[in-house]
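Asker: quick one: sequence and predicted model below, then my questions.
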Amino acid sequence: MDSALIPEGVKRCSFKKFAIWIGVLTIPTLWGIYAALLCWGKALNQTNLNDNFPFGFWIVADLGVIALGAGAFFTGFLRYILKIEELKNIVNFAVVIGVICYASALGILGIDVGQPLRGWFIFWHANVHSMLTEVAFCITCYFMVLCIEYVPLVLENRRIDAYRFFHFLSHRFHQAMPAIAAIGVFLSFFHQGSLGGVPGVLYGRPFAYRSGFLVWPWTFFLFILSAIACGPCFTLLITWITEKITRKQLVKKSVKETLAKIAGWLLASYIVLKIIDTIYWASSTAPRVGINFKSFYANQPYGIWVLITEVGILGIIPAIILITKQGRSNSALLILASFLNCAGIFMNRWIMTVQTLAVPVMPFDKFASYHPNWQEWATTLLPVWIGAMVISLSYRYLPIFPQERELNPA
Amino acid sequence: MKDIHSEQKTYKFGMVIDLDKCTGCGACMVACMAENNVSFRADETDKLRSITWMRVYKMTNGLPFPDTEVCYIPRPCMHCEGSGHHRPAPCIAVCPATATDRDHETGIVSQIYTRCFGCRYCMAACPYHARYFNWWDPKWPKGMEKYLNPDVSPRMRGVVEKCSFCYHRFQRAKNKAYAEGRREIREDEYQTACAQACPAGAITFGDLNNPQHAVYKLKNSPNAFRILEKLGTNPKVYYLSTKEWVRRGVDHYLEEEAQD
Amino acid sequence: MKLDRRTFVQFSLGSAAGITLSPLPWKLTDDIAIWTQNWSWVPVPERGEVSSVNSVCNLCPGGCGITVRKVGDRCTKIEGRHGYPVNNGSICILGESGLQLLYGPWRIPSPLRRAGKRGEGIWEKISWEDAITQVVQKLRALRQKGESHKVACISGPNSGTVSQLFARFLKAYGSPNFVQMASGRDTEELAMGLMHGTASPVAYDLEHASFILSFGSGLIEGWGSPVRVIKAHSIWRTRNLKERATVVQIEPRLSRTAAKADNWYPVRPGTEAALALGLAHVIVKESLYEHRFIDNYTFGFEDWTDSSGGNHIGFKRLVLTKYAPEAVSQVTGLPPRKIIDLARKFAKAKRPLATWGRGKGSRQGSLYECMAVHALNALVGNINREGGICPQPEVSTRTWPEVEQDEIARSGFGMPRLDGAGTDRYLHVKYLPERLPQAINEQQAGAVQALLVHEANPYYTMLDSTAVAEAFERIPFVVSFSTYLDETAQHADIILPNHHCLERWEDFHTPIGLQKPILALLRPVVPPQFDTRHAGDVIINIAKRLGGSVAKAFPWKDYETLLKWTMGDKWNTLEKRGFVQEANYKPPAWEEAFKTSSGKFEFYVKALERQGASQPQDIRCLPHYKTVEPEGDHANYPLTLIPAESIRLANGAIGNPPFCTKALPDTVLKGNDLFVEINPKTASNYGLSEGDSIILETPKARAKVLVHLFEGIMPEVIAIPSGLGHTAYDEFLAHKGVNANKLMGVVEDPVSGLSATWGARARIIKV
Amino acid sequence: MSATEEKEQAVSGQAEQGKEGGEQAAGRAEIKPTSTLSRAKLLKFLVLPLLVFGAGFVVNLFIGWVIFPRLLYSEKDQPIDFSHKIHVEAVEEGCESCHFFGEDGTFSGVPGAEKCAECHEERIGIHPEEAKLVEEYILPGKEIPWHIYARQPNCVYFSHAAHIKMAKLECVTCHGPVGESIHVKRYQQNRITGYSRDIWGWRISGIKTNSWDRMKMDDCADCHKKSGARNDCFVCHK
């Protein structure tokens, strides 16, 4: 039925099957939209957020997906700037994932802020000293860049590419790609850092506050590093899931391993720096305001286990797997490591956001605990379903995986 | 046009709260609510979603019966000074839309509800929980909107609000002074609602820079201290207590740090 | 040209370009943002001319001067009145919330007649004409049947012309059953009347005291005139260290007052009198008392012999033999060393002062306990002296002409009072409100045919709510004069709504506990917001309609005329300045201070002697300690329940306004569930932790509550916040928590008949 | 051109290109149209599209500039047609007769009916609008429900004392020559925001030529900046 749209030389499931798949995804999507409408219509009392937790699951998800989306800019950086040609086989997919991640981040922010219709004040009345301003500008700009990077992929659709104009346009885009990628890299580095700056500059919150370099707290740099360490792994993870669902190999193992190796070394260096940061913070930054770092972990569920899990289980273990050749060449281990890496980023963002707020700063204040409610879950998961749809559509109709034909001869 | 700015006097308004006198009666909380059109709901028991610009905290010394001691700590917005331009109040630094700033004439940390778009970053930044979000549309039972104060604009859902040191009373006092051809205002012309109401007279308000004002002398008392002073937020709200455990109880100390 | 896809695209692109270059998207973006800043459902306070009006707050017996800020014809804020002798610019949390009461949805909009079953809340709006006619018809019928004595009236305020009007009405109409609501002042008046010979409440010179020994008085919880006492507390704290006053709080619970006191001595609930006498023991034994006063101006300190030669023991012997520190320690749980130490400090202080009246002082209590505390004050000679106590003075006003009763009135008025006050059994008291429900329930049906309730909410505030509800059931006709739809109004048959205190003229007499007499004037700050009428006007109107001698007793045109007439030459000052104060008032010197039969301060109260008793019952006439045992046995009810009063929680006739409820800490309410305070040690015996749900049971009632662990409460004692558990009012107050009064029964003080209840026996069951 | 034609065209084009590499095809596409520009093709590929585009452009410009403002604002009549000119001439103290300062610094920007009643307790002229004033408002003791052109939103604090007494500004600077008006102008209200049109200004473009043309925050801020007054939020917000 839609065969004219499907890239040449590849096999896709029947349209009926595809429609059912999309239909299935629509159900949780509608659930998420309903939750979002509740939040807009009845205000944010529809969440478990409160004055103690002005930031919650949404902000964690935002920080998380943007870190995961780092795969796009970083793979682009490796492919177009560092010229690791091999990565051209996965860069398209990385871009798709990037677009989804960034769109999600913006979408979630649109629900999270109390007055979405005034959201543009952040640009119009910007306070340049605020990390959030930096984040907003960079994310928006970078999202545009990602769209520009995504457009040529769309143009490569067989039906669209048939138009000479679009074909021509697509070509021009490809030519400009290194420049676009460069802009993207610059913006991306910056806002990944700014996101790290968001908790890091809170000098009223000793759990999050970090000293740093010039105007940037150490978290600025740690966030950049952790994002580029996990972004590629997320690309690998989604590729693996796509491969499992389509029951096809789409990217050569060597490509994956290259990416995994790079991610592994980045993760390893991140973990080393993170440990140094933690030690410095625990022994110098926090004691300077009279706090023994152990007291930050004095209340469950935010005990010392979170630090061990974050750095040890979700940091050191995947780093070891990824930097060892045996580790990354074993697909199961590779996927496990990728998963741990991505989980690690979420945990880190959760800790930097939620635990920061859970720890009472005034000594006579009460410790508070937070968990998201269904509205928050539904809206936060909304991008997952929409993302799955976008990936499904992109996969079905666009030549995302250049190696697909080669790896799956008809 | 001539430069009006140069003629303007700058103040540094602040508060000194005597915790020995404070009885925790809550009159300041309600005076503030009544003055500033703070909304209320049928169920206000979830204090994490209850707007009280001025909140009275209760601190105990942690000892068992019968050695237990309790101290009440009224907590308005601290109107932090921070440390100069590079590190203003925690909340001012982070607000992306410039909805909060430091008023140069009074030193008061403002909050503009119509500018705020509800990102709540300032709340995350404030260690004093002095900032409150409007989780609901404010609603007054029919007829009750009659007592609303026209000098303070009611807030709408989705924005952050906080104590303004009753800034509108400063505006009111200045307006009167202008009408009389004065530029400066007297100490008694501008008092916050909480200071005015406090039955114990525990709250003193005035210009911290003016040696003629009561707060000037009080803040220099050996019993004066501020909450979380070590963070460097540099609050303009001082407290007085003759009790050592109270003075120590409002900040963090490492075990090895000697009693002062 | 056909509309194909290409044309469509081209047209769209053109449109996009055109719209972009027009103001539409930009202006719309801006306007939509402004729309969110200006939502029609967010109220915009109306502007108007600003003015201010002075009046007096009568929401509690504190009587603070207030200044109401007005914008146009709206009241926007109640503030303390500067220069007012009681509160000088300050105000309490309840007074501050007064506008919520004025404009609140709990106001009764017009006269109402019950349309459904009692308490069902179904009302029919009726005209004033109708409402008054119905009341008059009912009263007239009863009078004609000779049942005028079956009309009762409960009035809240202890003074003032409106309350007196109701009393006068009953007298002229022919019923002895006028009752004032219970308060600590009843016991104080009695004790003062017996020991001083002046039956008035105790006035404390708190500002000048240097050592305050409080027997459970919630000095900063709304005791006395709340703002004035808190101000005194600040004076104690402000003086330089050498002169700084010492405050000692005797209470089983670390209340706010205890927390702010220099020393907190927890004693077992209800044993305060024993401690007072124990302190007296030490003071007497060590001869630390004020000899000049004791030797010259007191009676019954030493043993004495009466005219017929009978020997009587004096206060000295009593305390020396029975209240040694060890014995008192056994009773109170306070170590003997602390008792001795406290007694010495108290007696040696420059201006010591002992205060009586638990919590807000709004409950009656044991007469002997009050006398014991009072004896302590006498021992240190701080009677009618600076920093001491004296009988509370009043500004005199014009006396009304005597009521001329007709035959029906005379016979009705001559019938015995239902509550028994003034009979041989309860000789010394005027009213026994807490006995009333029981009296009604004990009698055959129809003891009360009609009940008028003015400025009181007995249905909620009286102890043993179940018995009160039953008594209401037995009264066929209840008329409420309430301003708010409170519990009593809810169970009335006709409501004749009164003006709010900001809408009416009224007099306000010396606030409770003040040493300088003040007469103040409430004035209408705003015109009535609803179709309400002044209760004074209504009762005058009813009297006039009844005609005959009843009408004759009310010769005034209306309430305002009456008020002006009563205030006499003070009216002009009152109207202009708002109050009259006798700032130079000094209580009489010891020589002429005491109006007792002995002309002295009586430790041994002769008036308490029982006539005709064969043996002199000395103990009956001396302050002594006798356990006031609440209902229930210790085995079944091993714990003790006490009410916890807080200034943030109004527990009187007026329900807590939303602002005050909002200001309650989250250790009082969670949703609609009430927390009770339990010591962690006790809690661990029951395996309870913070927030656990328990059933709290007393012999009177049971209630589901939550556990709040608090180190500041004595083990085995449970404290329940007082002032919640309303069933009336609105969503801001109704159905939140439990009414503490429901759990506590009336314990009758044997000598006076007053309610001596301080708590209840209780047990808890984990849910 | 029908959709089928277009498709055919596209397919044939693709077939043509299919033979050569993409790069070359693109290169050729760049040169070809310029060399063989027939009239029909010009019409088809340039003029017609431009016309269609232009039509969309113009229609929407019209919508945005002309129709939109009409839809955006509703018009309301003032309760009484008031002539400032006549009054200024008639009263003794000029503007200050009605617009004066109170003791607490408040300004009588819109004088109450009581003020009017000082002269118009009963009719003193023959004008029908005066009759309306006296009969509908003054005699029954009602306030006149003026629509206020310069009424700022509720979040704005404005002190006339600061501007007039201290900064010595002329009324005209912000309000324009109101004093010379003979009739009240129509009051227009923004349907979305509920504000008077005078705040945004009567030109939908927002361009102002006189200092009183617009009363948005930026206008206040600009003047404050120029005059050296502060621009902190709390200067003008409440």
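Answerer: Thanks, I have it.

Asker: strands along chain A, start to end?
Answerer: Applying DSSP state E to chain A gives strands spanning A:212-213, A:216-217.

Asker: next, count neighbours for residue 226.
Answerer: Going with chain A. 27 (other CB atoms under 10 Å in any protein chain shown). From N, CA and C alone the C-beta is placed, and that goes for glycine too.

Asker: wrong chain, I was asking about chain B
Answerer: Neighbour count of B:Arg226, defined by other CB under 10 Å: 20.

Asker: returning to what we had before: please identify the most buried of the strands of chain A.
Answerer: Ranked by mean neighbour count, these are led by strand A:216-217 with a mean of 22 (mean count of other CB atoms under 10 Å in any protein chain shown).

Asker: for it, name the packing helices and strands.
Answerer: On a contact count with 3 or more CB pairs under 8 Å, 6 or more residues apart in numbering or on different chains; DSSP states H and E, strand A:216-217 meets helix A:164-200.

Asker: in the helix it packs on, what counts as buried?
Answerer: For helix A:164-200, the neighbour count (16 or more other CB atoms under 10 Å in any protein chain shown) marks A:164, A:166-171, A:173, A:177, A:180-181, A:183-200 as buried.

Asker: that one near chain C at all?
Answerer: No. Judged by CB under 8 Å from any CB of the partner chain, helix A:164-200 and chain C are separated, with a smallest distance of 11.5 Å.

Asker: and for stretch A:29-45?
Answerer: No. Stretch A:29-45 lies out of reach of chain C by CB under 8 Å from any CB, never closer than 11.4 Å.

Asker: show me what that stretch is in contact with.
Answerer: With CB atoms under 8 Å, 6 or more residues apart in numbering or on different chains as the test, stretch A:29-45 has contacts from A:46-47, A:111, A:114, A:116, A:374-376, A:378-379, A:381-382, A:385-386, A:389, B:49, B:118, B:133-137, B:157-158.

Asker: filter those residues down to the ones near chain C?
Answerer: Restricting these to contacts with chain C (CB under 8 Å from any CB) yields B:137, B:158.

Asker: which residues of chain D fall in helices?
Answerer: Per DSSP state H, chain D carries helices over the ranges D:3-19, D:22-35, D:39-42, D:48-62, D:68-72, D:84-90, D:113-120, D:128-132, D:160, D:171-175, D:197-200, D:217-227, D:233-236.

Asker: what sits up against the fifth one?
Answerer: Think helix D:68-72. Helix D:68-72 is contacted by residues C:22-24, C:27, C:31, D:190-192, D:204 when judged by CB under 8 Å, 6+ apart.

Asker: helix, strand or coil: sort out the closest residue to chain A within chain B for me.
Answerer: Going by CB to the nearest CB, chain A is nearest to B:Gly118 of chain B, at 2.0 Å. Of the three states, B:Gly118 takes coil under DSSP: H, G, I helix; E, B strand; the rest coil.

Asker: spatially nearest residue to it, not counting backbone neighbours?
Answerer: A:Gly114 (2.0 Å; CB to CB, 6 or more residues apart in numbering or on different chains).

Asker: burial count for the one you found?
Answerer: 24.

Asker: quick one on the thing from earlier: mind putting the strands of chain A in CSV, mean pLDDT included?
Answerer: Putting the strands of chain A into CSV (pLDDT from 0 to 100) gives the following:
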stretch, mean pLDDT
strand A:212-213, 86
strand A:216-217, 90
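
Asker: quick one: closest of those strands to B:His213.
Answerer: Closest of the strands of chain A to B:His213 is strand A:216-217, at 37.8 Å (criterion: CB to CB).

Asker: poorly predicted segments of chain B, please.
Answerer: Applying pLDDT under 70 to chain B picks out residues B:1-8, B:258-260.

Asker: show me where it has its strands.
Answerer: Along chain B, counting by DSSP E, strands occupy B:13-18, B:55-60, B:70-75, B:131-133, B:160-162, B:203-207, B:224-225, B:237-240.

Asker: so can I have JSON lines of those showing mean neighbour count?
Answerer: As requested, the strands of chain B are exported to JSON lines (neighbours: other CB atoms under 10 Å in any protein chain shown):
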{"stretch": "strand B:13-18", "mean neighbour count": "26"}
{"stretch": "strand B:55-60", "mean neighbour count": "19"}
{"stretch": "strand B:70-75", "mean neighbour count": "22"}
{"stretch": "strand B:131-133", "mean neighbour count": "25"}
{"stretch": "strand B:160-162", "mean neighbour count": "25"}
{"stretch": "strand B:203-207", "mean neighbour count": "25"}
{"stretch": "strand B:224-225", "mean neighbour count": "18"}
{"stretch": "strand B:237-240", "mean neighbour count": "24"}
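
Asker: circling back to that earlier point, mind checking which of the contacts of helix D:68-72 land in strands?
Answerer: The strands, defined by DSSP E, take in D:Asn190 from those.

Asker: identify, from the contacts of helix D:68-72, the entry nearest to C:Gly568.
Answerer: Nearest to C:Gly568 among these, counting by CB to CB, is D:Asn190 at 61.5 Å.
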